[in-house]
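**Student:** sequence and predicted model, in that order:
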Protein chains: 2
Amino acid sequence: MSMKINVLGVGITKFGELWEKSVFDLALEASQKAIEDSRIDAKKIDAVYVANMLSSKLDGQNHLGSVVTTMLGLNVPAVRVEGACASGGLAIHQGVQAILSGMYNTVLVLGVEKMTDASLCEITTALMGAGSEEERMSGLTFPALYALMARSHMEQFGTTREQMAQVAGKNHFHASLNDKAHFPFAVSLEKVLRSPDVCYPFTLFDASPISDGAAAVILSSKKIKGGVSITASAVATDTIGLSERESLVELKATKIASQKAYEQAGVTISDINIVEAHDCFTIAEIMAMEDLGFCAKGEGGQFIASGHTRLGNKMPVNTSGGLKACGHPVAATGVKQIVEIVDQLRGGMGTRQVKGAKVGLAHNVGGTGATVVVHVLQI
Amino acid sequence: MSMKINVLGVGITKFGELWEKSVFDLALEASQKAIEDSRIDAKKIDAVYVANMLSSKLDGQNHLGSVVTTMLGLNVPAVRVEGACASGGLAIHQGVQAILSGMYNTVLVLGVEKMTDASLCEITTALMGAGSEEERMSGLTFPALYALMARSHMEQFGTTREQMAQVAGKNHFHASLNDKAHFPFAVSLEKVLRSPDVCYPFTLFDASPISDGAAAVILSSKKIKGGVSITASAVATDTIGLSERESLVELKATKIASQKAYEQAGVTISDINIVEAHDCFTIAEIMAMEDLGFCAKGEGGQFIASGHTRLGNKMPVNTSGGLKACGHPVAATGVKQIVEIVDQLRGGMGTRQVKGAKVGLAHNVGGTGATVVVHVLQI
């Protein structure tokens, strides 16, 4: 099916350790910014989709849909959408569906997460809610699960620590140009390689951080002249556990979702100018390049090393800084990717601008690839 | 807008204290039953919507969408939908939207909750995730919040303890005919009134229980001859906290959602033959009768006492036994309501059958009315 869902406006908070802000503050701030950017009255919003993974566990608040409509003074339908770290992308997908259904004309999609008030033990346990029973019961963590994938990739394809470090280096460089980023500074390859070990082959700088933040978009059936549209919204799932997969070096759900998305949008990979990819660990961006079809399987390491995806070159990936350096407030991430691409396609981002970008792709992953959401946006 | 979403099949597990079954077992059982009832191959399912409120907190599992597709051997889109006790109704609403959008032709909507493994303290705390910050911080619980509404209703309209007890008596009688019910037995008015106090004016039998259970439906764009269709799906929200409302004796969101639903379906209240109403406490069913428009505000108590809504009379309410006696596995409830109405409209339910039922209404509430979902089904 073909689609054209118009993005009226976007909003984003600072990502980082925001100790002075609650999950409610963040939700309201991003929503209000998106409403303001849309130049609509909040009363025009027909429905609200709130992506959130951890508030039930960390804040004791489940009913975020109604919390948001209460803060906005609305009585409209609201629902919380969840699929681990892919919650944001899934909420966008629901928003797109809502408009395609003809039920609602204007919807607010919000992704919000407040993580830094919890202890490291609480947060690590809570995040394992994205994995399988077997994985949780074995004491595996997400760094460990992605490290298994990284090890396999290294063994099968000769991918190196240096190539992974280059993902971190590139994304930190991009974040140094983004004042909303959790870590708005560049790091040297040396620094990545010599930072403390997390879980072999990962050092601290191979991993995305625990962040607070929120992002929001207003989607509409109403076209605005020269505006950005979502032209594809595709989701796929894979086994919840890594051990049940046929391969440790690919995300099957990324392949399925991206193929569907290219078909929906009627684009080929050569049309894509800018990508926000789910780089929860450096290896994840390398595999994403392969699974999205930008390079052959096994060549992701060289593809990154070539500089192709660095700002200023052919197809910049993660100009926001990615999960790695912009930060990863889990359910906000998928919405933030859309905000970044909309901002880039609109132009006027200064030093971070990708010149002449017309087609962008957002790739959001839940767990170790159990849920993948791919969106294509065009201007 | 008008709609006609076809229900291909339904499935439900036993509701109750199911200590031998996990949240995964329940999810799979209800899904398989719905697939079997639909006489379709599971491979025909295009997307999965899983309603669940508490698994993240009680089981440590967030990523239920992918858990379910994994169990069914599918790679299709899957998402968890949440809005406290209205999660089930919201998931049906998302399923309806998915089909109306043209994106998916056949969707599985599942509601599942596993509550009885947690301690009473854990579960009470977890359930307050449906309330406002203020309510949680004040130490209020849901029995206390609904008791405030009951007290106001008694004072303003002279509603009596006996009238409330009649809701429990009727719903237990209905449950005595439903072998899936948590409490499949009748209780006398005397027994309700003399059961232990929970929170004045409620005794134990005024309150719905903590239950395990799951329910599922298969929705489709494909019409089946003589099949049941969803002809309205409407959602409204109200302030998350009770203290911010204009009135304690009505659920504004019920009024808004039901008016929208009547319009969508093109029915009036006199067309409705059967209702599943959200009777988390007996007062809630009394208020629902008023807010859905079946009687004037303040007359809900007399309306119940008249016997009008008892099986065998004009418009039976909660033939399943309701939340009160069929049980209340929170996110399963909204889906169970749809299953009960589909079963009734199809006919052949024996002693529990509402004769000649053609139009049914399901009313699902989250929190103290912060989210309300109303569906109309017709054969």
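**Tutor:** Perfect, thanks for sending it.
**Student:** now A:Gly366: closest residue in space, sequence neighbours ignored.
**Tutor:** Spatial nearest neighbour of A:Gly366, excluding adjacent residues (Cβ to Cβ, 6 or more residues apart in numbering or on different chains): A:Ala86 at 3.1 Å. Backbone N, C-alpha and C define where each C-beta goes, glycine included.
**Student:** please name the residues that touch that neighbour.
**Tutor:** A:334, A:364-367, A:371-373 (Cβ atoms under 8 Å, 6 or more residues apart in numbering or on different chains).
**Student:** quickly find the element holding A:Pro209.
**Tutor:** For A:Pro209, there is no enclosing helix or strand under DSSP states H and E.
**Student:** from A:Asn52, how far out is it?
**Tutor:** A:Pro209 is 18 Å from A:Asn52, where distance means Cβ to Cβ, to the nearest Å.
**Student:** who has more neighbours, the two?
**Tutor:** Shown here are A:Pro209 and A:Asn52; by other Cβ atoms under 10 Å in any protein chain shown, A:Asn52 has more neighbours (32 against 19).
**Student:** list the contacts for the spatially closest residue to that one that is not a sequence neighbour?
**Tutor:** Spatial nearest neighbour of A:Asn52, chain neighbours left out: A:Ala331 (4.7 Å); criterion: Cβ to Cβ, 6+ apart. Applying Cβ under 8 Å, 6+ apart to A:Ala331 gives the contacts A:51-54, A:82, A:85, A:87-88, A:91, A:111-113.
**Student:** let me know the closest of these to A:Leu219.
**Tutor:** A:Ala91 (10.4 Å; Cβ to Cβ).
**Student:** quick one: is stretch A:119-134 near chain B?
**Tutor:** Yes: Stretch A:119-134 is in contact with chain B by Cβ under 8 Å from any Cβ of the partner chain, via A:125-126, A:128-133.
**Student:** count the neighbours of the residue of the stretch 201-350 of chain A found nearest chain B for me.
**Tutor:** Chain B sits closest to A:Val235 of the stretch 201-350 of chain A, with a gap of 3.4 Å, by Cβ to the nearest Cβ. Using other Cβ under 10 Å, A:Val235 has 31 other residues around it.
**Student:** ok, A:Ile269 next?
**Tutor:** Residues lying near A:Ile269 (other Cβ under 10 Å) number 15.
**Student:** do you know the pLDDT at the closest residue to it other than its chain neighbours?
**Tutor:** Closest residue in space to A:Ile269, ignoring its immediate chain neighbours: A:Gly293 at 4.9 Å, by Cβ to Cβ, 6+ apart. Here the pLDDT value assigned to A:Gly293 is 98.
**Student:** equivalent analysis for the one 3 residues further on, please.
**Tutor:** Per-residue confidence at A:Ala296 stands at 98 (pLDDT).
**Student:** ok so it is a strand residue?
**Tutor:** No: A:Ala296 is assigned coil when assessed by DSSP: H, G, I helix; E, B strand; the rest coil, not a strand.
**Student:** picking up where we left off before, in CSV: the contacts of A:Ala86, plus neighbour count, secondary structure and pLDDT.
**Tutor:** Below are the contacts of A:Ala86 laid out as CSV (neighbours: other Cβ atoms under 10 Å in any protein chain shown; DSSP: H, G, I helix; E, B strand; the rest coil; pLDDT from 0 to 100):
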residue, neighbour count, secondary structure, pLDDT
A:Gly334, 32, helix, 98
A:Asn364, 33, strand, 98
A:Val365, 32, strand, 98
A:Gly366, 35, strand, 98
A:Gly367, 32, coil, 97
A:Thr371, 32, strand, 98
A:Val372, 33, strand, 98
A:Val373, 31, strand, 98
